[in-house]
Every structure is written in C-alpha cells, then in structure tokens.
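A.B. asks: no sequence for this one, just the structure:
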C-alpha cells in the first residue's frame, strides 16, 4: 500500500509508504492521500492527524520518473490541477490539527505538504528544499501561499528562487519546524505525542482558529470571521464546561462537542 492509515484513539497517522522512492508522489499516492483526508473529515472520532513518511525521507516531492512520461503529453503539468490542488484544499481545509513528522528530507511538493500542517516536528537529519526552480518550475502544492506566511516574503523569495537546502537548525530558526528533537527516532513519537495533546483539547475552537488564520482581505472581513467563529465556539459544550471549570478552579475536559 502506498499510504498507511493507523488509528490510535483520537489520533490518525497517515504514512507515505514508498520508502524505496523516498516517498515520491506518484498519482496513486496523491489519490490515496486525498481520499484518506476526505475520510478523516467525515470521521468525528478523529480529533488530530499526524502526517509522516516511511523510511529515511519525509517526501522528495513529485515522482520525476512518472513526470518524464507525462512530458510526452499535451499537458504535462495537469497533475497540479487534477491531483495536487484537490489534495491541498482537503488538507488545508481540515478542521482538526495536523502535525507533520518530518524525518529526513522534505523537498518540492513534499516540503509543500509539510508546510500545510499546523505543526512540524523534525530531527537532526531533517531538511527542506524548495526544489521547484531546480527543474525549471514555479512553486505548487500551496507553497506560494504557505511559505511567505511562515518565513516572510523576502525569505520565501530566496528559498524558492535559489532552491538551496535548509538544514534542521536553520529550519527551526525560520519556523519551518515548530519543534526540533535531538534524535531522528524521536520525531514521530514527539509528533504523535503533540497530536494526542491537541486531540484532547477544544477541537472545535482549533478548527475555528485555523479558519481565522487562513486570512481575510480586510480587517472588516477578519472581524466578521471572528464573530462567526466565536458564535460557533460559544455554542459548544466545551466552552460552557471549560468556563465553569475555570471559575471553579478545576481542570476542563474537552470532548469536541
């Protein structure tokens, strides 16, 4: 199977499972990942997601062997609109926390996938490479939107145009990694630990925070989104119970309802 789906309580771990190809993204893997994310959207028992890769790399991006064959056709980049864009919208639109366990290299569309997560955990061998320009392409898989929001416009320009590797320490400094652990074998457990913590939190509120942070064109638009989000959160039992617990100096217990 090109994608492994493992459920542990309220956390679902999605593992890109093409280790011999460094988890390069071919059409079957892109379709499987999109389908899995859509299934998670409908599964209210899943309250947080971990995205990772099998073997020594997170994901090196588009499978270039597959792409060489597509160059013989009339629309060699049709996979962007047919496969990558639906995957990006599904993953970015997921109303639950997503944690990427980035062990090893995340390059091209693989780096873009990691940047779509809400949190990223890496280790000493973690590295990012916005490799698109190295093969004469511009960014895709949402990188032109996510990258400047994480590192700023000037740094995003540098990373995309120069297409040079960024090591783990620099990735952490730039915010490409949320957490940097001292051992690559600890990356996935740390990501799953974080996901479990988030799964035990107010997941309705987390979903609304994600919607708010997706951005608005104007301040007035942002205020309207905030008002809608607070109305949604205010009607939840999580909010009512947590408020009572705070007043009574007790620890709240969130259910996602």
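C.D. replies: That came in fine, so what should we check first? In this text, all values refer to a predicted model and were calculated from it rather than measured experimentally.

A.B. asks: In stretch 4-17, which residues are buried?
C.D. replies: Within stretch 4-17, the residues scored as buried using 16 or more other CB atoms under 10 Å are 5, 10, 11, 12, 13, 14, 15, 16, 17. All C-beta atoms are positioned from the backbone trio N, CA, C, and that covers glycine.

A.B. asks: end to end, how far does that stretch reach?
C.D. replies: 6 Å (CA to CA, to the nearest Å).

A.B. asks: just stretch 128-141 next, same as before
C.D. replies: Taking CA to CA as the criterion, the two ends of stretch 128-141 lie 15 Å apart.

A.B. asks: re earlier: kindly reformat the buried residues of stretch 4-17 as JSON lines containing distance to residue 36, pLDDT and secondary structure.
C.D. replies: Listed next are the buried residues of stretch 4-17 as JSON lines, based on distance: CB to CB, whole Å; pLDDT from 0 to 100; DSSP: H, G, I helix; E, B strand; the rest coil:
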{"residue": "5", "distance to residue 36": "6", "pLDDT": "98", "secondary structure": "strand"}
{"residue": "10", "distance to residue 36": "16", "pLDDT": "97", "secondary structure": "coil"}
{"residue": "11", "distance to residue 36": "14", "pLDDT": "98", "secondary structure": "strand"}
{"residue": "12", "distance to residue 36": "8", "pLDDT": "98", "secondary structure": "strand"}
{"residue": "13", "distance to residue 36": "11", "pLDDT": "98", "secondary structure": "strand"}
{"residue": "14", "distance to residue 36": "6", "pLDDT": "98", "secondary structure": "strand"}
{"residue": "15", "distance to residue 36": "10", "pLDDT": "98", "secondary structure": "strand"}
{"residue": "16", "distance to residue 36": "11", "pLDDT": "98", "secondary structure": "strand"}
{"residue": "17", "distance to residue 36": "12", "pLDDT": "98", "secondary structure": "coil"}
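
A.B. asks: okay but residue 113 is in contact with residue 91, surely?
C.D. replies: Yes: Residue 113 lies in contact with residue 91 (CB atoms under 8 Å); the separation is 7.3 Å.

A.B. asks: who's more crowded, these two?
C.D. replies: Applying other CB atoms under 10 Å to residue 113 and residue 91 shows that residue 113 carries more neighbours, namely 29 against 23.

A.B. asks: and that one, what does it touch?
C.D. replies: 51, 59, 87, 91, 100, 106, 141 (CB atoms under 8 Å, 6 or more residues apart in numbering).

A.B. asks: Contact partners for residue 41?
C.D. replies: Taking CB under 8 Å, 6+ apart, we find residue 41 in contact with 90, 93, 94, 95.

A.B. asks: Quick check: neighbours shared by residue 113 and residue 91?
C.D. replies: residue 51.

A.B. asks: List the buried residues for stretch 237-251?
C.D. replies: 238, 239, 241, 242.

A.B. asks: Quick one: the strands in the stretch 51-200 of the chain, in order.
C.D. replies: For the stretch 51-200 of the chain, the strands defined by DSSP state E, counting those that start in this stretch occupy 98-102, 105-107, 119-122, 127-129, 179-180.
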